[in-house]
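Colleague: Fold the following.
(one chain, ligands or ions: 2)
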Amino acid sequence: MAIDKASLRISARQLRDHANASNPNASRELAGRFPIKLFERFGPTVAGYLAIGSELDPAPLLDRLKKAGAEICLPRVEADDSMTFRRVADERDLEAGPLGLTQPSAEAERAHPTLVLAPLLAFDAAGNRLGYGKGHYDRALSKLRSDGRTFVCGLAYAEQEVLKIPAEETDVPLDWLMTPKASLPLFFGRVVG
Ligand SMILES: Nc1nc2c(c(=O)[nH]1)N(C=O)[C@@H](CNc1ccc(C(=O)N[C@@H](CCC(=O)O)C(=O)O)cc1)CN2
Ligand SMILES: Nc1ncnc2c1ncn2[C@@H]1O[C@H](COP(=O)(O)OP(=O)(O)OP(=O)(O)O)[C@@H](O)[C@H]1O
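Modeller: Ligands and ions are numbered 1, 2, ... in the order given. Next up, the predicted model:
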């Protein structure tokens, strides 16, 4: 299982790098296509992220949601390796973190997002998500879910879809997935909390 995920990560990263280089307008297309009804239903607190590497950049979408009234928060990797979400009013709330990340500082106000926009390396049609393998999103999402409802929407290039991701017990599935070209509900066959 671990071996499968590790080799999938390597090929998924190459596919994502290629998709990113071939679609310079992708993040703006995705922002325009995002169904605002998802925000109306599952907002108002939206977790985004600051894109690293070839991740699909949520910045234009976050700008659009902010104009629609969203409270935006960003992930922070804490000293104990847990991940929290914190509000960032301006650049002064950001600092250099582990793993080469820029992230909210420990003083930034903690938030409880109701709609999480999640980065990923690969996804499948059942909503399984492959991340960098540190379990940051899986642990943070299961904690958020234990305190209330959180809707999870992955952001990815269509090229990041794979036939099947070897899912583990602790993996938290995606409810929805946005690509620059499509808006895909992934919760069929599951109960949305
Ligand atoms: N943009 C973004 N922020 C995020 C995450 C993420 O996936 N994307 N995280 C999600 O959990 C948390 C940080 N976790 C991370 C875990 C591993 C690596 C990592 O392996 N980085 C690669 C380089 C990645 C690249 O440039 O493509 C490395 O260090 O080799 C990065 C972040 C919180 N913030
Ligand atoms: N809720 C949880 N409680 C404890 N450990 C967890 C939990 N969720 C995931 N883990 C552990 O975290 C490790 C990495 O998980 P996994 O390979 O699913 O990460 P990922 O989904 O690819 O990455 P990420 O969540 O960081 O984006 C695994 O060893 C897994 O057992």
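Colleague: can you tell me if the longest strand seen in the chain touches ligand 1.
Modeller: For the chain, the strand that runs over the most residues, judged by DSSP state E, is strand 71-77. Yes. Residues of strand 71-77 contacting ligand 1 under CB under 6 Å from any ligand atom: 75, 77. Just so you know, the C-beta spots here come from the backbone N, C-alpha and C atoms, and that holds for glycine as well.
Colleague: so what secondary structure elements neighbour that strand?
Modeller: Applying 3 or more CB pairs under 8 Å, 6 or more residues apart in numbering; DSSP states H and E, one finds that strand 71-77 contacts strand 45-47, helix 59-67, strand 83-87, strand 102-104, helix 136-146.
Colleague: Look up how far residue 59 lies from residue 30.
Modeller: Residue 30 is 11 Å from residue 59, where distance means CB to CB, to the nearest Å.
Colleague: Neighbour count: the two, which is higher?
Modeller: Between residue 30 and residue 59, counted using other CB atoms under 10 Å, residue 30 has the larger neighbour count: 25 against 14.
Colleague: roughly how far is the helix or strand bottoming out on mean pLDDT in the chain from the heart of the chain?
Modeller: Counting by mean pLDDT, DSSP states H and E, the chain has its least confident helix or strand at helix 2-22, which shows a mean of 93. Distance of helix 2-22 from the chain centroid (CA atoms, centre = their mean, to the nearest Å) equals 16 Å.
Colleague: now the angle from the helix or strand that that helix is followed by to helix 59-67?
Modeller: Of the helices and strands lying after helix 2-22 in sequence (DSSP states H and E), the nearest is helix 26-33. If you take axes from the mean of the first three to the mean of the last three CA atoms, to 10 degrees, helix 26-33 sits at 30 degrees to helix 59-67.
Colleague: With adjacent residues omitted, what lies nearest to residue 94?
Modeller: In space, and not counting its chain neighbours, residue 94 is closest to residue 102: 5.5 Å by CB to CB, 6 or more residues apart in numbering.
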